[in-house]
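**Student:** All I have is the shape, not the residue letters:
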């Protein structure tokens, strides 16, 4: 590690004090917005009311534990999956876990790739998969999965956040060749 790295590191007491000062001077609203707490609370309360759960406090504890585990995004709609950076990251990790059996040289069409995404998020937009394929392959073709596709959807979800730069990132771990 170079001296420049230590100077800017959280292990540097000066840097640590600045970060703590910034955190504690943050307004309550900014703090809640930064961590997307209100989005999660609204979703949890909506699900609790919709399902009229027997043990609401137990439900809330399970809900927030699922966010910590990253399983909160499974089988949810795209709007929820795309709502926060944490949700997008969790979806990418869950996709990689669920489909880890895909062989590194296995061919997937764009339609097949979208179908896999749709099994975890039923309304995952096809247009995002199409746009990601265009950015990474330059045209339509077959996706050859490399690294088990874990990062394959990263680009797509990034695109939805910035509406342009995310798509190519998701497919970065894949090797694409047009047939």
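**Tutor:** That came through fine. Being a predicted model, the structure only gives us computed values, none of them experimental.

**Student:** Could you give the number of residues near residue 53?
**Tutor:** 15 (other CB atoms under 10 Å). C-beta here means a position set from N, CA and C on the backbone, and glycine is covered the same way.

**Student:** so it sits right up against residue 59, yeah?
**Tutor:** Yes: contact criterion CB atoms under 8 Å: residue 53 and residue 59 qualify, at 4.3 Å.

**Student:** what ranges do the helices span in the protein?
**Tutor:** With DSSP state H as the definition, the chain shows helices at residue ranges 3-7, 13-25, 28-34, 37-51, 56-69, 78-81, 85-98, 110-120, 126-137, 154-162, 166-170.

**Student:** how about these in a markdown table, adding mean neighbour count and mean pLDDT?
**Tutor:** Listed next are these as a markdown table, based on neighbours: other CB atoms under 10 Å; pLDDT from 0 to 100:
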| stretch | mean neighbour count | mean pLDDT |
| --- | --- | --- |
| helix 3-7 | 9 | 56 |
| helix 13-25 | 10 | 83 |
| helix 28-34 | 11 | 90 |
| helix 37-51 | 13 | 97 |
| helix 56-69 | 13 | 97 |
| helix 78-81 | 17 | 93 |
| helix 85-98 | 19 | 87 |
| helix 110-120 | 17 | 87 |
| helix 126-137 | 20 | 73 |
| helix 154-162 | 22 | 50 |
| helix 166-170 | 22 | 37 |
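
**Student:** what's near enough to touch residue 44?
**Tutor:** Contact analysis of residue 44 by CB atoms under 8 Å, 6 or more residues apart in numbering lists 59-60, 63-64.

**Student:** of all the residues you listed, which comes closest to residue 15?
**Tutor:** residue 64 (30.3 Å; CB to CB).

**Student:** List the contacts of that closest one.
**Tutor:** Counting by CB under 8 Å, 6+ apart, residue 64 has contacts 40, 44.

**Student:** Good, wrapping up.
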